[in-house]
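Novice: Need the 3D shape of this:
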Amino acid sequence: MRRTKIVATLGPASSDPATLERMFLAGVDVVRLNFSHGTAEDHLKRADTVREISRKVGRAVGIMADLQGPKIRVGKFKDGKILLKTGDKFVLDSELEIGDAAGVGLDYKELPRDVKTGDVLLLDDGKIVLDVAGVKGSAINTVTRHGGVLSNNKGINRQGGGLTAPALTSKDIEDIRTAVKLKADYLAVSFPKSGADMYMAKELMRAGGGEAFLIAKIERAEAIPALEDIMKACDGIMVARGDLAVEVGDASVPALQKRMIRLAREMNKLTITATQMMESMISSPVPTRAEVSDVANAVLDGTDAVMLSAESASGQYPVETIESMHRICVEAEKSQPVMLESEFLNRVFTRVDQSIAMAALFTAFHLKVKAIAALTESGSTALWMSRLNCGVPIYALTSQTSTRYRTTLFRDTYPLMVKYVGHDREELLAEAESVLVKSGVVNEGDLIVLTIGEPIGKAGGTNTMKIVRVGEHRKA
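Specialist: Purely as a prediction, here's the structure:
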């Protein structure tokens with residue numbers, strides 16, 4: 001049993017049904033559709049294939065649609081790339097069509113208004129560093145501090161952040177409609193600067209009829225002081241360490257990662273740790289020791305999920321990478337201490353359903369039960385339980401297909417379907433017990449904790465906890 005979830009990005013290396021099936025069996029919990037690449041038709045087709053394979057292997061796999069966000073990139077070069085050397089003068093010009101060794105165009109036409117003399121621009125994830133010598137009209141004149149090969153469409157960041165590009169572009173608004181159409185379980189928003197960006201995405205999605213959980217990708221320097229504001233407006237965050245490291249400095253990222261995960265758990269939000277987790281496995285069948293430590297540390301920080309990008313989208317070893325990540329997570333989880341009381345002391349519970357969830361955790365921890373079974377319509381009870389480590393697996397039992405797929409990202413939570421749709425509590429509890437036994441989760445005589453809401457079938461109504469010895473009611 002692995003408690004930490006694995007998110008895998010789909011791409012050319014992982015789109016055929018046979019590879020997808022192997023990836024799901026290797027342990028993928030959620031697939032990421034990267035809307036920076038491909039057409040709406042491509043994504044709809046992939047989503048259909050994912051659901052089909054998920055049903056075939058009998059494993060719930062969620063779908064996350066990841067919006068591209070503003071394209072702050074250089075344009076194209078006449079020969080595809082150039083070589084910049086230290087001291088070279090180089091112009092970034094928003095009106096230039098095709099670039100050469102002297103300068104290049106910009107996808108983001110507002111950049112000349114956003115920068116000033118003395119600013120530092122970082123290109124291609126910080127590999128190339130340019131000092132801004134002056135801005136005139138549409139042209140930014142720079143001097144190369146650290147050179148290298150610069151090719152088409154590489155990203156641009158300003159050291160310390162401060163670019164005004166809106167989080168949602170016209171393409172993103174169109175892509176939200178596609179995400180709703182393919183019934184995405186999660187929608188990831190790129191480059192949000194405030195809670196307002198997330199509220200806008202939520203409104204657009206709800207207007208289209210979508211119910212996906214919203215994930216804020218923390219990748220701008222401005223997002224750090226606004227963390228709480230952003231978290232209040234979404235369901236979870238992605239610690240997107242690539243762009244974030246370029247803007248705030250790579251040395252700041254490990255401590256920020258820990259702080260963000262801790263804050264998210266305190267606010268009952270989800271966390272995904274992403275970027276370069278198993279980067280070497282794009283072309284190698286084994287990870288580096290540093291990558292093993294990186295994944296393990298994210299698990300020890302308490303992240304809900306670890307994410308693969310190019311490793312699974314275009315790498316040579318997508319299945320082997322997932323298998324390696326699975327092994328690392330399982331080993332790291334074995335060393336995690338279970339310290340429920342200290343985590344409980346600082347918590348305030350103001351809702352009945354949340355109090356029941358916490359009571360179930362407390363009871364499960366002290367009675368050392370086999371499982372916690374949360375009968376849940378919306379998934380909220382299971383989410384609250386998954387924020388604390390009580391050492392007991394949580395089973396989200398639901399009659400809602402959307403809730404089943406949404407809980408695939410919750411740490412230490414495993415979704416199971418119950419088909420009962422009546423209003424008799426004892427019949428529903430009997431079916432819940434039967435589902436757990438048939439799934440091989442519990443055996444006759446095992447002690448479990450059940451949570452349920454009455455009236456039955458009403459979301460947000462969990463108000464009862466019951467301690468059950470499996471099979472006892474049938475003997476009675």
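Novice: okay, now the domains of the chain?
Specialist: When the chain is parsed with automatic domain parsing, its domains come out as 5-70+166-334, 76-158, 340-475.
Novice: Which of those domains has the highest mean neighbour count?
Specialist: Mean neighbours per residue, mean count of other C-beta atoms under 10 Å, is largest over these for domain 5-70+166-334, with a mean of 20. All C-beta atoms are positioned from the backbone trio N, CA, C, and that covers glycine.
Novice: Between the two ends of that domain, how far is it?
Specialist: Using C-alpha to C-alpha, to the nearest Å, one end of domain 5-70+166-334 lies 15 Å from the other.
Novice: residues contacting residue 29?
Specialist: 5, 6, 7, 61, 62, 305, 408, 409 (C-beta atoms under 8 Å, 6 or more residues apart in numbering).
Novice: how close does the third one sit to residue 192?
Specialist: Right, residue 7. 19 Å (C-beta to C-beta, to the nearest Å).
Novice: I'd say residue 382 and residue 407 touch.
Specialist: Yes: Residue 382 sits in contact with residue 407 when judged by C-beta atoms under 8 Å, with a separation of 5.6 Å.
Novice: quick one: contacts of whatever helix or strand residue 327 lives in?
Specialist: With elements taken from DSSP states H and E, the one containing residue 327 is helix 318-334. Judged by C-beta under 8 Å, 6+ apart, the contacts made with helix 318-334 from elsewhere in the structure are 2-4, 6, 8, 13-14, 19, 22-23, 26-28, 277-278, 281, 285-287, 292, 295-297, 299-300, 306, 308, 311-312, 315.
Novice: try stretch 166-181
Specialist: Contacts of stretch 166-181 (C-beta under 8 Å, 6+ apart): 35, 40, 43-44, 65, 67-71, 187, 189-193, 197, 200-201, 204-205, 208-210, 212.
Novice: CA atoms of that stretch as CSV?
Specialist: What follows is stretch 166-181 as a C-alpha-only set of coordinates in CSV (Å, rounded to 0.1, in the frame of the first residue of the first chain):
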residue,chain,number,x,y,z
PRO,A,166,-2.5,37.7,-16.4
ALA,A,167,-2.8,34.1,-15.1
LEU,A,168,-5.6,33.4,-17.5
THR,A,169,-5.2,34.0,-21.3
SER,A,170,-7.8,33.7,-24.0
LYS,A,171,-6.4,30.3,-24.8
ASP,A,172,-6.8,29.2,-21.1
ILE,A,173,-10.4,30.3,-21.1
GLU,A,174,-11.1,28.2,-24.2
ASP,A,175,-9.1,25.3,-22.6
ILE,A,176,-11.3,25.5,-19.5
ARG,A,177,-14.3,24.6,-21.7
THR,A,178,-12.3,21.6,-23.0
ALA,A,179,-11.5,20.6,-19.5
VAL,A,180,-15.2,20.7,-18.6
LYS,A,181,-16.1,18.7,-21.7
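Novice: avg pLDDT for that stretch?
Specialist: Stretch 166-181 shows an average pLDDT of 96 in the prediction.
Novice: hmm, back to that, so which of the contacts of residue 29 comes closest to residue 218?
Specialist: Distances from residue 218 to the contacts of residue 29, taken as C-beta to C-beta, are shortest for residue 305 (14.5 Å).
Novice: The spatially closest residue to the closest one that is not a sequence neighbour and residue 298: what is the separation?
Specialist: Distance criterion C-beta to C-beta, 6 or more residues apart in numbering; nearest residue to residue 305, sequence neighbours excluded, is residue 5 at 4.0 Å. Using C-beta to C-beta, one gets 11 Å for the distance from residue 5 to residue 298.
Novice: least reliable of the domains of the chain going by mean pLDDT?
Specialist: Least confidently modelled of the domains of the chain is domain 340-475, at a mean of 87 by mean pLDDT.
Novice: and that domain, how far out from the chain's middle?
Specialist: Mean-position distance between domain 340-475 and its chain equals 24 Å (C-alpha atoms, centre = their mean, to the nearest Å).
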